[in-house]
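1. Here is my input, please return the structure:
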Amino acid sequence: MAKKILELLNDGKNRCGWCNKSVLYQRYHDDEWGKALHDEHKHFEFLLLETMQAGLSWYTILQRREGYRNAFADFNVNEVAQFDRNKIEELMLDTGIIRNRLKIEAAVHNARLFIQIQQEYGSFDSYIWSFTNNQIVDNRWVSLSQVPATSELSDRVAKDLKARGFKFVGSTTIYAHLQAIGVINDHLLDCWVR
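-> Here you go, the predicted structure:
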């Protein structure tokens, strides 16, 4: 079997080693991952994608991001919250996404709960950043082996989301989510993005 040669950015920049699978992954790392996020639309997009990732690799989901964008109304939380049984059946036939019924149903369910949090806190952003008093948890790792899969913070957030009825929001998923939206900065010390 021929070994696939992956195109990588050859720009001499040090990056966190996990992103060196493709240009797509490197650009996600450079442009989005770990940057402090305060946009409601992006909050919903990232949360939906993280819950789809549960049990899979993030790279698998990132490769299908446009498929998820098309399937889930450009990540419009109000539209997704209105998806009915017919729409879920339609999504089960969509080859642009991972067709896991439980995750698709959870995305619709979680959209409704996301809106409830917006109503309660004024925004999902206010809710998620309240766990750290609007401060970034700035970890200072030198190696990927130091980066944990969960933390006390992700445990607390996951517990609260589960108590509100959210699905596919275990501590590992939420830790990855908090990294992605910049609540936790896990860029390694020698990473150029830091």
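2. now the lengthiest helix in the chain, how far from the chain's geometric center?
-> In the chain, taking DSSP state H as the definition, the longest helix is helix 101-121. Here helix 101-121 is found 14 Å from its chain centre; the criterion is C-alpha atoms, centre = their mean, to the nearest Å.
3. go on, stretch 48-65?
-> How far stretch 48-65 lies from its chain's middle: 8 Å, per C-alpha atoms, centre = their mean.
4. avg pLDDT for that stretch?
-> Stretch 48-65 shows a mean pLDDT of 94.
5. List the buried residues for that stretch?
-> Within stretch 48-65, the residues that count as buried by 16 or more other C-beta atoms under 10 Å are 48-54, 58-59, 61-62, 64-65. Bear in mind the C-beta positions are built from the backbone N, C-alpha and C, glycine included.
6. Between those, which sits nearest W129?
-> W129 has its nearest neighbour among the buried residues of stretch 48-65 in E50, at 16.5 Å by C-beta to C-beta.
7. Name the nearest residue to the closest one, sequence neighbours excluded.
-> Setting aside the residues directly before and after it, E50 is nearest to H177 in space (C-beta to C-beta, 6 or more residues apart in numbering), at 4.4 Å.
8. List the residues that contact the one you found.
-> 46-47, 50 (C-beta atoms under 8 Å, 6 or more residues apart in numbering).
9. before we move on, what about F168?
-> Taking C-beta under 8 Å, 6+ apart, we find F168 in contact with 51-52, 54, 102-103, 106, 110.
10. which one of those residues is nearest S143?
-> Nearest to S143 among those, counting by C-beta to C-beta, is A54 at 25.5 Å.
11. for the chain, what spans make up the strands?
-> 137-138, 184-185 (DSSP state E).
12. Sheet partners, orientation included, of the first one?
-> Strand 137-138 has the following strand partners under DSSP bridges: strand 184-185 (parallel).
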